[in-house]
Structures are given as structure tokens and as C-alpha cells.
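1. Sequence first, then the predicted structure:
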Amino acid sequence: MNFFQYQDNELYAEQVPVKQIADEVGTPVYIYSYNTLMRHFKAFDAAFASLDHLVCFAVKANSNLAILKSLAQAGAGMDIVSGGELYRALAAGVNPEKIVYAGVGKTQTEMEYALKSGVLLFNVESQAELQSLNQVAGQLGVKARVALRVNPDVDPQTHPYISTGLKENKFGISINQAIQEYQAAARLENIQVVGVHKHIGSQITEVGPFVDSVGKIVDLIKQLRGMGLDIQYLNLGGGLGITYDDETPPSPENFAQAIMPLINELGGCKVILEPGRVIAGNAGILVARVMYKKTTPAKGFVIVDAGMNDLIRPSLYGAYHKIIPLHKEKRPEVEVDVVGPICETGDFLAQKRTLPEFRRGDLMAVMSAGSYGFSMSSNYNSRPRAAEVLVCDDKYYVIRQRENFETLIQGESVPGFLQ
Ligand code: LLP
């Protein structure tokens, strides 16, 4: 359920006509609904209410300060994967004791920053990283709290680029070597091993892969505890899918109900969750304007002012995003490719899509763009990045200015010998 709905054939974001925002702020523009975001977060959080738990929003899904602040105020922690994400989370006022830090390639500078900030946990992905963290913690005279990321070798049945829990993926340590790795970690002087982390992939639409992987991890925790290790945290990662088209992913409640019996077997373990997409995905849209139409002997193209630099998911994963007009009226249905202005054949938002006929100047909403939309955008083709807007009830707020040409070249310089 989201608050992007038609009223008298006009698309609204909560109580604000989307067209008004597009006209006043310009296009392309990302628009988020605060109340949808809150609804998704609260539903997810409530699903785990019977457990001692912490929901850490995956900052990579949407890292705008206003989004992070909204979630933090609602009680969320953050799952970060870089020093930059840590900086954002802290700037948004997130309590560092609610921040968990994942990623296969943390630099020592980033480790130092996170240790000094007092983050709750590092999700460590390899023995080499553990050694590195041990060294940095030693230099600072602190102990780093660690969960090892364990790769349970479970197929999440999702797009290969967003599968992470298979043995051929770069993530985590193999579950078959986990016991030895934990023993080695426990011997490190500046490391305190307190948890197990797993994340098997993203946009998962069945509970089966979650149940299988949680079952394996729960068994591992029992073994580790049997060896005398004080495992206090079970971090289940993110991955719960959303409806882009006609997928029917489990609701947060069904997801929680399916895995809860397994977790209860542990009799006391703080559960951390790292949802990204399911919180912000359907809380955001990308609005674009039709610039031109073009028909070749092969097909029809609708050329819009948003490109793969603004929303790369269709190009990168062949992802489906629903496209709807801002103003609904009777129009013939036609099959078209919706493409951007970028000089790449891969620059499309939809291919072979049957849509009501769009005309020059029309506005369209690309749905389900709140996660991995703006956060994956770039300046490719030297295009200033889009503006971001947050709607709450009957008001809207620009939460990121559209970039301009000056911001494009900020930080670049021409060396003296060229002048
Ligand atoms: N935790 C870890 C360790 C992760 O790697 C991820 C996502 C998450 C949590 C959040 O997963 P979510 O709940 O959002 O599925 N750019 C891709 C998605 C990449 C996900 C990477 N990791 C896309 O646009 O589909």
C-alpha cells in the first residue's frame, strides 16, 4: 500500500498533485511519500515486535538525509557499507549504537572512522579483513565488536547480480569453514566476536530461501555457543522483495512468522534486520517528461528526460518499473520503448511496453523507484542529477536540489602546464 494514487484522474503524492511538483521543481524528479515510508517501516518493525530486535535500514537503498532522518526518528538504525554512508547516517542524527557496518572491502581509514564513532557491529567478510580490523582497533586501544558474515550457500532465486548467498559469490565466509574462522577470530586480541551475519540476496519473493538460510545460521549459532562463544546477535540481513509488476512477495508479517520459530530455538539472541528495498522502494517514484516521439520501421520510441544515469535498474538488471501517466485519460494503447537521452542503446526505462499513448510534453511516473533509484544515479553524459522531493500530507519539500553545471565540474582542475 502506498500513497501515490489517482484522484479525479490526476496522480497525487499523498495530497499533493504530482504535476504541481513536476511543474514547480522540474523534471526528472524523485518524489518520496513520507507517510508511505513510515507505514512500511512500522509494518516491518511491528512484525518483529515479539523479539528483541533492531531494524537497520540499508542506507544504500536511499541515502538522502531527510529519508534517513525520518527513519531514525521512527526508531530505525542503519546498515552502512562505507565511510560515506556512515557520515550520512551520523549527519542525519542516527545513534551510532544502532549502526552496523557491512561490506567486503572496508579500508583501514573507514574502520578507524567507524571505531571512533562507536558503531554497534562490524559485519566482517574475510579473515584478511579481520586481521586488518584487529590491527586498527589495537592502534586505537579499543575492541571491535564483530559478527562474521556467513555465506549459507542458499539460492535466493533472484537476479544473479543481486544474489549474494551462493558459494560462488564474493560475500562472506563459507558456512563449512565458519567454525574454524570463528575460532581464529576469537583468538584476536582486539576483536570481540559477538554475532553472526547473513544476507543472501535482494528482491527475494519467496520465504523458502529465508527459512533455509536462517535454519542453517541458527544451527551454526548453537554450535558456536556450544564452543563457549558468546553469540548475542543474529543479523539476518535484508532482501525481502516488493511488488514492481505482479510479484507477490511475503508481507513482513508472513516473513517474520516463517522465521520466528527458528529464532526462538536460540532462546535469547538480539535480532538485527537490514531491509532496504521493502522500506523505501514503493515509497518513491521518478517523474519524467516526454520530450519527443519517434517511430522507426522497427518500433516506436518515447524519448523522455530521465535516463539510465537517473535510474539504472532497467538497464543493469532488466528490471521492470511500472510506468503510468500523471494525467489519466482515454488514449489508444501502443507498444513502445521508453528511452532516455543518453548515448547508449542500453538507455531505457521500459522496452516493448504497452502503454496508453504518450504525447510530447506529457508527464509520466516511473513507479517503485524509492530504493536503488537516486542512490545509484550518476552524472554520465554530464547530466546534473535529479532533484529529490519529500511529500508529507499536503506539503512538499525539496530534499535535494537539482544539480547544475557548476556542481558538475566542482573539484576538477586543469593543471598549470595546460594553462
Ligand atoms: N544488507 C546487506 C549486507 C546488503 O548487501 C543489502 C543489499 C541489504 C542489506 C539490503 O537489501 P534489500 O533489503 O534492499 O534487498 N542495486 C540492486 C540491489 C542491490 C542490493 C545490495 N545489497 C537493485 O537495484 O536491485
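-> Perfect, thanks for sending it.

2. CA only for contacts and neighbour counts going forward, please
-> OK.

3. Which elements pack onto the helix or strand where residue 399 lies?
-> In the assignment (DSSP states H and E), residue 399 maps to strand 395-400. Strand 395-400 sits against strand 387-392, with contacts defined as 3 or more C-alpha pairs under 8 Å, 6 or more residues apart in numbering; DSSP states H and E.

4. buried sites along the strand it packs on?
-> 387, 388, 389, 390, 391, 392 (16 or more other C-alpha atoms under 10 Å).

5. can you pull the buried residues of stretch 150-169?
-> 150-158, 162-167.

6. so what's the residue positioned nearest the centre of the chain up against?
-> Note on the chain: the residue nearest the mean C-alpha position is residue 61, at 2.1 Å, using C-alpha atoms, centre = their mean. Contact partners of residue 61, counting by C-alpha atoms under 8 Å, 6 or more residues apart in numbering, are 276, 277, 280, 370, 371, 372, 373, 375.

7. Residues contacting the helix or strand encompassing the third one, please?
-> Spelled out, it's residue 280. Residue 280 is part of helix 277-280, with elements assigned from DSSP H and E. For helix 277-280, contacts defined as C-alpha under 8 Å, 6+ apart pick out 37, 40-41, 44, 57, 61-62, 203, 239-242, 370-372.

8. mind listing what residue 381 touches?
-> 342, 343.

9. That one and residue 344: what is the separation?
-> Going from residue 381 to residue 344 by C-alpha to C-alpha, to the nearest Å gives 10 Å.

10. Then residue 297?
-> Separation of residue 297 from residue 344 (C-alpha to C-alpha): 20 Å.

11. Surely residue 347 touches residue 307?
-> Yes - counting by C-alpha atoms under 8 Å, residue 347 does reach residue 307; the two are 6.2 Å apart.

12. Which of the two has more residues huddled nearby?
-> residue 307 (27 against 21; other C-alpha atoms under 10 Å).

13. Buried ones in the one helix or strand residue 6 maps to, by neighbour count?
-> Element membership for residue 6, per DSSP H and E: strand 4-7. The neighbour-count check on strand 4-7 (16+ other C-alpha under 10 Å) flags 4, 5, 6 as buried.

14. give me the beta-bridge partners of the first one?
-> With DSSP bridges applied, residue 4 shows beta-bridge pairing to residue 13.

15. ok, now which ones touch it?
-> For residue 4, the contacting residues are 11, 12, 13, 14, 33, by C-alpha under 8 Å, 6+ apart.

16. Out of these, flag the one nearest to residue 107.
-> If you rank these by distance to residue 107 using C-alpha to C-alpha, residue 33 comes first, at 35.1 Å.

17. If I follow the layout properly, residue 336 ends up in contact with residue 349?
-> No - the pair residue 336 / residue 349 is not scored as a contact, 10.8 Å apart, by C-alpha under 8 Å.

18. Excluding chain neighbours, what is closest to residue 225?
-> Closest residue to residue 225 apart from its sequence neighbours, by C-alpha to C-alpha, 6 or more residues apart in numbering: residue 231 at 6.4 Å.

19. Surely the one you found and residue 220 touch.
-> No - counting by C-alpha under 8 Å, residue 231 does not reach residue 220; the two are 10.3 Å apart.

20. So is the longest strand belonging to the chain next to the ligand?
-> Taking DSSP state E as the criterion, the chain has its longest strand at strand 284-295. No - using C-alpha under 6 Å from any ligand atom, strand 284-295 never reaches the ligand; the gap is at least 13.4 Å.

21. Starting from that strand, tell me which strands it pairs with and how they run.
-> Sheet partners by DSSP bridges: for strand 284-295, these are strand 29-33 (antiparallel), strand 300-304 (antiparallel), strand 363-366 (antiparallel).

22. The residue lying closest to residue 403 once chain neighbours are set aside and the ligand, how far apart?
-> Spatially, and ignoring its direct neighbours in sequence, residue 403 is nearest to residue 384 (4.7 Å; C-alpha to C-alpha, 6+ apart). From residue 384 across to the ligand, the span is 21 Å (C-alpha to the nearest ligand atom, to the nearest Å).

23. before we move on, what about residue 342?
-> As judged by C-alpha to the nearest ligand atom, residue 342 and the ligand stand 19 Å apart.

24. So for the closest residue to residue 380 other than its chain neighbours, what's the pLDDT?
-> Excluding its sequence neighbours, the residue lying closest to residue 380 (C-alpha to C-alpha, 6+ apart) is residue 309, at 5.8 Å. pLDDT recorded at residue 309 is 98.

25. Pass me the low-pLDDT residue ranges in the protein, would you?
-> Across the chain, the ranges flagged by pLDDT under 70 are 165.

26. residue boundaries of the strands in the stretch 1-150 of the chain?
-> 4-7, 10-13, 16-17, 29-33, 53-58, 77-80, 99-101, 121-124, 144-151 (DSSP state E, counting those that start in this stretch).

27. report the angle between the axes of the fourth one and strand 395-400?
-> Angular relation of strand 29-33 and strand 395-400 on a 0 to 180 degree scale: 130 degrees, by axes from the mean of the first three to the mean of the last three C-alpha atoms, to 10 degrees.

28. Report how many residues lie close to the closest residue in space to residue 80 that isn't next to it in sequence.
-> For residue 80, ignoring the flanking residues on the chain, the nearest one in space by C-alpha to C-alpha, 6+ apart is residue 101 at 4.9 Å. Residue 101 has 23 neighbours, counted by other C-alpha under 10 Å.
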